[in-house]
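Peer 1: got a sequence here, can you build the structure:
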Amino acid sequence: MIRQLSRLFTLLLVALPLAAAANELQSVKEFDGYSVHYSVFNSTFLKPDVARSYGLKRGQDIGILNIAVHQKTASGNKAVKAQLVGKTANLIQQQESLEFLPIEEGSAIYYLASFRFINEEVLHYNVDIETADGTRLTLKFTHTLYQE
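Peer 2: Sure thing, here's the model as predicted:
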């Protein structure tokens, strides 16, 4: 019995942080008629050939913001094109503009932007999104990245 409880406790200690990390990797913000999926990750997660194919630089101090905009329809969510303008700001309000690279792969449409960061830096992200039908959405969130 004690051995089973010990295993359960160990499993929880391992599983909970993994679940939290997975949840942090991708988030969704719901809007009226749209959902915006976004994730932030270190550019070193990209394989060198993948980064090169998209014209992205890899480095310990380079992060990637990935955004996909979906329109809610009766038959489900549909990826849509949009114009994105954004910036990051650190705690002392130093800002960096984000330039988004549109990627279309089959029915998937997403936008990538790279930015510089220092280890454990808290960054505030502010992205204005305009869909093809003129709907304006604002995505704001805070995230901390760690250098590997």
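
Peer 1: all contacts plus neighbour counts: C-alpha atoms, from now on.
Peer 2: Noted.

Peer 1: so how far is residue 43 from the residue lying closest to residue 122 once chain neighbours are set aside?
Peer 2: The shortest distance from residue 122 to any non-neighbouring residue, by C-alpha to C-alpha, 6 or more residues apart in numbering, is to residue 144 (4.6 Å). Distance of residue 144 to residue 43, given as C-alpha to C-alpha, to the nearest Å: 14 Å.

Peer 1: who has more neighbours, these two?
Peer 2: Neighbour totals were compared for residue 144 and residue 43, and residue 43 leads with 23 against 14 (other C-alpha atoms under 10 Å).

Peer 1: returning to that earlier point: which residues sit in contact with the residue nearest to residue 122?
Peer 2: Residue 144 makes contact with 120, 121, 122, 123, according to C-alpha atoms under 8 Å, 6 or more residues apart in numbering.

Peer 1: one more: residue 84?
Peer 2: Contacts here follow C-alpha under 8 Å, 6+ apart; on that basis residue 84 touches 100, 127, 128, 129, 130.

Peer 1: if the residue most central in space within the chain is in a bridge, with which residues?
Peer 2: Nearest residue to the geometric centre of the chain (C-alpha atoms, centre = their mean): residue 39, 1.3 Å. Counting by DSSP bridges, residue 39 forms beta bridges with residue 66.

Peer 1: residues contacting residue 125?
Peer 2: Going by C-alpha under 8 Å, 6+ apart, residue 125 touches 86, 87, 88, 89, 139, 140, 141, 142, 143.

Peer 1: and the residues you listed, which of them are buried?
Peer 2: The neighbour-count criterion (16 or more other C-alpha atoms under 10 Å) marks 86, 87, 88, 89, 139 among the contacts of residue 125 as buried.
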